[in-house]
Structure formats: C-alpha cells, structure tokens
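Q: Got a predicted model here, sequence first, then my questions.
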Number of protein chains: 2
Amino acid sequence: MISVKDAKDIILNSAYNFGVEEVPFLKSVGRVLKENILADRDFPPFNRVSMDGICIDFNAFKNGQRDFKVEGIQAAGSEQMTLQNKENCIEVMTGAVLPNNANTVIRYEDVTLKNGIATININNINDCQNVHTKGKDGKVGDVLITENKIISASEIGILATVGKATVKVAKLPKVMIVSTGDELVGVNEIPLEHQIRRSNVFTLVSLLERLHISSETAHITDDKPILKEKIKNFLKEYDVLLFSGAVSKGKFDFLPEVFDELGVEKLFHKVAQRPGKPFWFGQKKNLSSDKHTDDKYQKNTIVFGFPGNPISTFVNCLAYFYPWYYKSTGLEIEEETAILGENVSFKPNLEFFLQVKLKSKFGHLVAFPVKGNGSGDLASLVNADAFIQLPKTEKILFKHGENFPIIRYR
Amino acid sequence: MISVKDAKDIILNSAYNFGVEEVPFLKSVGRVLKENILADRDFPPFNRVSMDGICIDFNAFKNGQRDFKVEGIQAAGSEQMTLQNKENCIEVMTGAVLPNNANTVIRYEDVTLKNGIATININNINDCQNVHTKGKDGKVGDVLITENKIISASEIGILATVGKATVKVAKLPKVMIVSTGDELVGVNEIPLEHQIRRSNVFTLVSLLERLHISSETAHITDDKPILKEKIKNFLKEYDVLLFSGAVSKGKFDFLPEVFDELGVEKLFHKVAQRPGKPFWFGQKKNLSSDKHTDDKYQKNTIVFGFPGNPISTFVNCLAYFYPWYYKSTGLEIEEETAILGENVSFKPNLEFFLQVKLKSKFGHLVAFPVKGNGSGDLASLVNADAFIQLPKTEKILFKHGENFPIIRYR
C-alpha cells in the first residue's frame, strides 16, 4: 500500500502529450491553449478616442482659448480626419481614431455646443486626456496570452481581436468509462430487491465534462472471459480507461487479473487513503500505431481502476485523473487551501478525503465537514462542494482553524 | 446616475420565471433543478455488504467460535441467500445483499480460508460491522436533492440512482447579443487602420456559455432606421437582448432613442461605477403571446445595454446579467470575499470593479490587483481571474488586508 503522494507521483509520471489540434476559436472555451497568442498590430491600433466629446490641440486651451469652432465629426469606423485649423475642434466618438493635429479630448459633459461653437466649461484639463494611445496596451508581436492556459471568456475576446478565427489547443484523450458488477441495472429500469442502478459511470462522465472531455461508457458483466475480450479491444482504441469497481478482494473482482493477462503493467494497487483505498493504476504500452496516425506521440493506454463505492470513484477521479490530465496538457493548477471549520477526529492511519461545505467569510475560506455514512453515501456529496485532504498522521484530531488542501468539485 | 446597489435591485426586480422543461438527466449538468429529487426506495435498498469477506451471526463469534464452515458465496447482484446454520458462514462480496440470519462481515484480510473453513484471526470484531444498513442514508420518500440547485456531477449520481432518466430544469432564456459600431469588422477580416475586429459579442457568448445558455449574435450598422427595424423584430423573438456599445453620449449612440421609440421602458441609464458607467437597462412588456405559447409566464423582453468598452461589457455582464439570471431561475448564490493583497488608491467617487489575480494562502483568499490601462484594455483580463468590488466612498485609499466582495470569471 503506497501513500497518496507516491500514487500521485506515479500517475503524474505517466502523463503524456496527446498532441495538438486546431479548433474554431468560439469552440475553444475550456480547452488548453497550445500556442502563444501575439498582437497582430498595436493595441490599440491607433490613437483611440475613449470619450464622446470634442478633440482639440491642447496648446490652444493652454493659451486660454475656451471657444472652438466645430469643423466636423469623427465617427468610430471612419478614416482619420485632420483638424485643419488648430484653434478649431472636431467632435469625436468613443472608439474613433483621434484626428490629426488634435491630441486632447474633452467629454460632452464638460462642453456647451451652440451654433457650431463648442465652449469648454471647465479649467481642469490635462494634455492628451481621454486618448488611449496607440500601442499603450501592447505592441505588435507582444505575447498577449501564453500557451498552456485554459481558455475562458476573457481569452475569447483577445482571440477575436487579433483575428485568430481558429486556435491551437491540446487534443483531448479518448476515454472509455466502464462499469462492472452484476448488481447494476440501467437508469430506466426498476431494480429488483438485490439490485441497484448504474450511477458511477454517469458521475464520471459528468466529472470529465467539467474538463470538456467527452467520453463513452460501457457495462461489462462479471464474467472473466467476456471482461478480457472487451477490455482487450478497449486497450487498442482508447487513450484512457476508467473503471469503477471489481478491483478489490472479492471473488468476482477479476480486473487486476485481466489487466495482468492483457499486458497492462500494474503501477500500484491500493493507496493509504479513505475513501478510495483499493485503487488500481497501470498502463499498457502500445507499440503499434492502432490509435494515432501521428507517430510523434506515445501510444500508451492509461488504466484507472477506481473502487466501486460512489464516493471512492468520485474522489479518486478528482484526486488522480484530474492532475494526470492537467499534467498531460501542460496546465499548472495552483493548490487551494481552506480552514477547518470544526474539529475532526479520524483514527485510521490513512490520508482522509473528507467532504466539506465551503463558506467564504471575510476573505477566509472555511470548510465545514458534511456528515456522511461512509463511502457508499453518494447523497452526502450533494450537500458538500469540495474534499478537504487531511494527511496520514499518527494524530487523531485535526483542529478547527488549521488549514489543509482542498479539491473543489463545483 | 444611480448606485450599483440600486441598479442591481432594479435588475433583480425584473427577474422572471422562464418556466420549466424536462431534459435527459445526463444533459442536465449546469442547469438549475426545478423539482425535489426523492429516494425511490431506501438508501441503501437492502442491508448492503461493504467489505469483501465472510458474514456470520455475531452471537457465534461472541460465544468464542472462530472456525466457520463456508456454506456458499453471496455475490453482488444475486438474490439474498440464507445462512442455514448459524454456526456457519457465507462468503460475501461488496455490494451484495447481506444473507438472512447473518449480521456481521469480517473482511478477507482478517480471515484464513482453508478446506472450506474460514478461521477468523482477530478478536476485535463489532456486532454488525461492515454492513451498510438498509435505509441508513435515507428512507424511501426522503428528499435527496432540493430544487433550485445547479446540477453537477454529484447530483448526476443521485439522479441515476433513483432512476430519474429525465429531470425538470429551469428553461433557458432566449438571448440575442448585438454589437453596433461601424468601426467593427469580422474576426476573419483584416481591419483597415481605423477599424477593429468584433470581440465583445464573442466574450458575451462565452460568458453566457458558462451559465449553459446558448445565444445568438448579430451586428447592426450605426444607422438609426436599420437599428430600429432589427431591434423591433428582436424584441418580439427574444427574452433577453444584450447590446454592447452605442449607449453613451456619442452622435451615433442611437440605442437609447431607439429603445424609447420601440416602447422599451428605461429603468435606468448610467451607474456610479468604473468601468461600465454608461450602462442602460430597460424592459419591454410584451402583451401578445409572440414568444411563448404557455401563458403562465410573463412575456417581457429584458434589455441590457452595456457600454462598448471591452472591460465594461465584461464586468457588467458578470455584475448584472448573472445575478438577473440566478434570480430568474431561483438560484441563490453566496457572496464570496477576498482580502486585498496591496493598497489601492482610487480617487473618483464611483464604485470600482478592479481586476485581480486570486491566490489561496493558508485558507485565505488574497486578491492582487492586475495593472490595466482602463476600460479598453482587454489584455489585462487575461492575467486576472476576478473583479474585486471596492465601494463608492469618500476615502481614496483601500488598504492591504481589508476584505471586499469578489466576482470570479474563471
């Protein structure tokens, strides 16, 4: 049985590059950017008027002039005009190019316009005010967004601005999620007394959707030859297999044997944690080019064998699959911590992933344990929004006020 | 000019119920649940074995017995067996029904199995251990998830478990996002010197996608009759119109006039904030049943006229459209706060939405201001992940260590 830290290190070492693909920029939200985004021109690309009003040559104002004859209107989207007489003004609109020979904009609120004359009503005016100078936010060629970042709405605005109609992002892994267990029936079915409905695969589908990964699902009966045949094919077709169940000590927990017989190298089995202890992890090195035509990338299939209890599957997907995916795509995710809101006593010498409800108080993030009935109690997850990670230690009491890492799932 | 608080109150007062629709449960992630989810049976539905091992009658163990003849195997998914002789045992698998006449499970790790006899190797065993008792997590009819909650992966597991193949969620508003401004060209185009590419509409599309709202976009030229004709049609077809630009004091800022002429009631124009001050908000009461066939719901169109600067549009969508949508769907969102990581001086007597980078330190959420060049500087948003909301006040200095509300956008 290895520690959570060692398990995570092994998993991160098996991260691999799935390659890069180009997608329409509006479809790139949530994906990991795999190119630097450069300014295609200065930002802003011209001396940009940033208030509706009039523009003047500041010298005229400085010399005491307050009345300015209006020469015309410079609209946004029109070619640059020229102020013909430096003692006149031009009306200008937000977003317009600042006219030639003008350098200062006075907003309409501080001006009276009458009979073609604009009179400035205030004395406190600065040279070059209300002009967003060409190149102030960035010069042509500047890196505006660095690669290896999740694309969100703010990046979308930049991509549009610099004309990146398509953008390079990390390819997504091809994932199959497999449930086992003869007690499981479909969501649409009425279970018999001794049966329950399939749920873990759908939880996993949703957890992967949070990462914008779409996945497929399958159910295999607890029959070793059938398991072996199906998994053999999945290993050829998919980058990642996620299993829920059949990795513990039960008579019908065939997966570890099947993996072994199919040449999936076991990297560990069992982690010193609760819940989620019987976690099996391994990889199959595929030497053929079954999956990818592009030979640059390794063709491994990574196998996560999560324990079948609902919370075990849930927390292990967050604690292990997520970091594996982040590392594989080049993302760096900062650790978040929270303050325990009450004392927690925990006797087993295991790392404890405890479901908590987070509250934001005066800039402090406080984590309140949500009472659950062990790893089978999916219902308790509904009242929580994160796991707090209490280290494996000899001490039994974790005190109110101490801080620990958290993993959010909302 | 009204305060941010008054603006928000007016907007929340114009929230309305779009109604309810039923969707397949796996498509419901990110949507707002509009029914209570009840347990369709006890949770767990039977006395559920929670460890692989053997089950016995605890009395036999208490009476000193350590060797138990194995009567058979109770697999998960099989009908309940009965322990025929209370001095024997049955092997049991995680997820199986606990056999009749047995009440206690001892895991394989603590047992030696040889020649059909299971010998228990430890003395510390509790009555009824490793059994997840029928109904312990919930009784049939219990509310497992209350309505008005965003559905996430943890809710998906429950929905599957109770057989909710389809689920009632809040309908999404039908939204049109409109850009104006003759300086704008398409993302695929090469702008002339005085032009820039459209970007705000795409930022808004992405911000709405975060709420799982899909929207449409249009661009209208700065020509009043054309604007009027198109907006007239949009008012008939959509629940919400979002505009970016043309709401300020410019000569071609026709929107406020057009809204007025089309019978859109102005609820406010201009908010004491930076950025985003010239924000226009109103509603059109539609008396006909143009949009919905279901007469139960009001048929208003809500009009958000955001200022055209990129950060103004961005922050106003987060600060006003988001809460309007939450209120309309019945969601309650808790306020989050962060601690200022450095002093901020801000002179104008306006509420200040400042972009910040958040860092989690020892359970404290610290907000570090990201230097920007005013409301035109979209690039600065890429380096931040939230806005901190500094109140309108006479004081000029907001001190390091003080805490204020934040609005995250990642």
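A: Received, thanks. Numbers count the residues shown, from 1 in each chain, chains lettered A, B, ... in the order given.
Q: and the closest residue to chain B within the stretch 1-150 of chain A, what pLDDT?
A: Nearest to chain B, among the residues of the stretch 1-150 of chain A, is A:Gly77, at 3.2 Å (Cβ to the nearest Cβ). Bear in mind the C-beta positions are built from the backbone N, C-alpha and C, glycine included. As predicted, A:Gly77 sits at a pLDDT of 89.
Q: and if you look at A:Lys291?
A: Value for A:Lys291, per-residue pLDDT: 52.
Q: for stretch A:197-207, the distance to its chain's centre please.
A: 20 Å (Cα atoms, centre = their mean, to the nearest Å).
Q: Tell me which residues are up against it.
A: A:177-179, A:184-187, A:189, A:191, A:215, A:217, A:219, A:242, A:244-245, A:306, A:308, A:310, A:313-314, A:317-318, A:321, A:378, A:409, B:25-26, B:29, B:152-154, B:156-163 (Cβ atoms under 8 Å, 6 or more residues apart in numbering or on different chains).
Q: quick one: which of those sit in strands?
A: A:177-179, A:184-185, A:215, A:217, A:219, A:242, A:244, A:306 (DSSP state E).
Q: Phi first, then psi, for A:Glu229.
A: Torsion angles at A:Glu229 (phi, psi; degrees, to the nearest 10) stand at phi -60, psi -50.
Q: before we move on, the earlier item: count the neighbours of the residue of the stretch 1-150 of chain A closest to chain B for me.
A: For A:Gly77, the neighbour count with other Cβ atoms under 10 Å in any protein chain shown is 21.
Q: Then A:Gln84?
A: Other residues close to A:Gln84 by other Cβ under 10 Å number 12.
Q: Likewise for A:Ala60?
A: Neighbour tally, A:Ala60, other Cβ under 10 Å: 18.
Q: that older thread, which one of the ones in strands among the contacts of stretch A:197-207 is nearest A:Ile339?
A: A:Phe306 (29.3 Å; Cβ to Cβ).
Q: circling back: what is the nearest of the ones in strands among the contacts of stretch A:197-207 to chain B?
A: Among the ones in strands among the contacts of stretch A:197-207, and counting by Cβ to the nearest Cβ, the member closest to chain B is A:Leu184, at 7.1 Å.
Q: I figured that closest one hits A:Val178, correct?
A: No - between A:Leu184 and A:Val178 there is no contact under Cβ atoms under 8 Å: 11.5 Å.
Q: Name the residues contacting each of the two.
A: With Cβ under 8 Å, 6+ apart, A:Leu184 and A:Val178 have common neighbours A:His219.
Q: pLDDT below threshold where in chain A?
A: Residue ranges of chain A with pLDDT under 70: A:287-298, A:373-376.
Q: can you list the domain ranges for it.
A: With domains defined by automatic domain parsing, chain A comprises A:4-19+A:171-329, A:23-43+A:137-170, A:48-132, A:336-408.
Q: ok so, going back, you'd agree the residue of the stretch 1-150 of chain A closest to chain B is up against B:Glu193?
A: No - contact status for A:Gly77 versus B:Glu193: not in contact, 11.1 Å apart, counting by Cβ under 8 Å.
Q: Contacts only, for A:Leu83.
A: A:Leu83 neighbours (Cβ under 8 Å, 6+ apart): A:55-57, A:71, A:89-90, A:99-102.
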